[in-house]
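[1] sequence first, predicted coordinates after that:
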Amino acid sequence: MLNRLLLFILAACLGTIFLKMELPIPYLMGGIAAAVACKLAGPAVSWPKGWRELGLLVAGYGIGRNFTAHTWEQMVQQSFGVLEATLIAVAVSVVIAWWTARHTSANLISCVMGIMPGGLTQMMLMSEEDPRADANVVVVMQTLRLVGVIVAVPFLVIHGLGAQVLGSDALVPTAGGIHWLILVPLSFLGAFAATKLRIPTPRLLGPILATAAGSYFLGGLQPVPGLLMLVAQVSIGVYMGMMLEPQKLAATRELMPYIFGGIILMVGVSVLVAWSLSDRYGFSLITAFLAMAPGGIAEMCLAGMSMGEDVSVILTYQLVRLLFLNICVPLAITAYFKKKVAI
C-alpha cells in the first residue's frame, strides 16, 4: 500500500510539472510517466483495476455533462461528417495493418486487431478468444498506439496548432446547475446498465451516457471539483502505464517502426480530416482534431476540457467511432477471416 501511495505522489508531482509546462491532461500523462518509470526501475507495484474504474466513473461524468440539446442537434446536422470521419479512421487503420503484416512476422488478423483506434478493450478480448491472433502482438500494438497518441496529440495541439491550456484553479465547482454529487447515482447506475447490456467499456460509456441523459433532461450539471478530477486522471494514467510490459515490448521489437509509423500516419490523416471538418462545420481546428484523433474517448475529451474546446463535438465524433469500432468492426473481422479460412 505504501508503494502505491508513493507512486501516486510521484504521478501527482509529474502531473504538476506537466501542468506548469501547459500540457493538456497533465495528471493523466503524469500517471503514465510515473508508472513507466516504476516499471523500468524494477519495484513490483500493481495498480488495482477497481481504482482505474472509479477514475473512469468520474471522468465519464465530467465528459457526459457537456452533452446538451444543442449537442444532439449537432450530431444530427453533422451525421455525414461523423460517418465520414469514422470510415476514414477505419480505412487508414486497415492499410497500416496490411502493411505491417506484409513486412513483419505478425499475421494480418493480429495487426488489424492491434491498430484499430478506440478498440483497445474489445480487440484485446477478441485476440484472447481467437487462436489465430497473437494476443501479445495485439496488446503491444494497442497499448503503444494509445499511449503514443496521448503523448503526441497534446504536443501537436500546443506547439503545432497553437492551443492553450486553461488555468487549473477550479478546486470548487461553480455555482448553478445540479450539484456535482449527482455523479454518484448517475455514474453507478450508468455503469451497471451498460454492463448488463454488454456495452463496450461500460465503466466509461455507462457514466457518459447516463450523465448525458441527465444533462439533457435535467438541465445543467455542476463540474466535479478540480482535485477530484486530478485524482481520477492520475488513477487512469497509472493503470495505463502499468500495461506497458518491458518483456512484451522486447518480444515484438520488429513491430516498433511500423507501430510508430502508423501512429504518425494516423495523426497526419486526422489533421487533414480535421481541417476539412472545421472548414465545413465552423468549429475550431483544435476541436476538430481532438474529435478525429485516434486516441481514447476519455483522454481526448479530457484534453478538450483542459483547453476550453467544444467537448460536445469531441464526444460526438469519438463516441460514434468507438461504438462503430466495438460493434461493427468485430463483426467484420469475424466474417472476413472466417471466409478466408473457408477458402
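    Structure received. Numbering: from 1, shown residues only.
[2] per-residue confidence at L181?
    For L181, the model assigns a pLDDT of 85.
[3] look up how far W51 lies from it.
    L181 is 20 Å from W51, where distance means Cβ to Cβ, to the nearest Å. (C-beta placed from N, C-alpha, C; glycine too.)
[4] of those two, which one has the most company?
    W51 (18 against 11; other Cβ atoms under 10 Å).
[5] which helix or strand contains the more buried one?
    helix 49-64 (DSSP states H and E).
[6] what's the offset of the very next helix or strand once past that helix from the middle of its chain?
    Downstream of helix 49-64, the first helix or strand assigned by DSSP H and E is helix 69-77. Distance of helix 69-77 from the chain centroid (Cα atoms, centre = their mean, to the nearest Å) equals 22 Å.
[7] gap between stretch 314-327 and the chain center?
    That offset, for stretch 314-327, works out to 11 Å (Cα atoms, centre = their mean).
[8] export it to CSV, keeping only CA atoms.
    Provided in CSV are the C-alpha atoms of stretch 314-327 (Å, rounded to 0.1, in the frame of the first residue of the first chain):
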residue,chain,number,x,y,z
ILE,A,314,-15.3,15.8,-29.5
LEU,A,315,-17.6,13.5,-27.6
THR,A,316,-20.0,13.1,-30.5
TYR,A,317,-17.3,12.1,-33.0
GLN,A,318,-15.3,9.9,-30.6
LEU,A,319,-18.4,8.2,-29.2
VAL,A,320,-19.8,7.3,-32.7
ARG,A,321,-16.4,5.9,-33.7
LEU,A,322,-16.0,4.0,-30.5
LEU,A,323,-19.4,2.3,-30.9
PHE,A,324,-18.7,1.6,-34.6
LEU,A,325,-15.3,0.1,-33.8
ASN,A,326,-16.6,-2.0,-30.9
ILE,A,327,-19.8,-3.3,-32.6
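[9] quick check: what element follows the lowest-mean-pLDDT helix or strand in the chain along the chain?
    Of all helical and strand segments in the chain, the minimum by mean pLDDT, DSSP states H and E falls on helix 120-129, at a mean of 65. As assigned by DSSP H and E, the chain's next helix or strand after helix 120-129 is helix 135-159.
[10] which neighbouring elements make contact with that next one?
    helix 26-41, helix 108-115, helix 120-129, helix 226-242, helix 246-251, helix 256-281, helix 285-292, helix 297-306 (3 or more Cβ pairs under 8 Å, 6 or more residues apart in numbering; DSSP states H and E).
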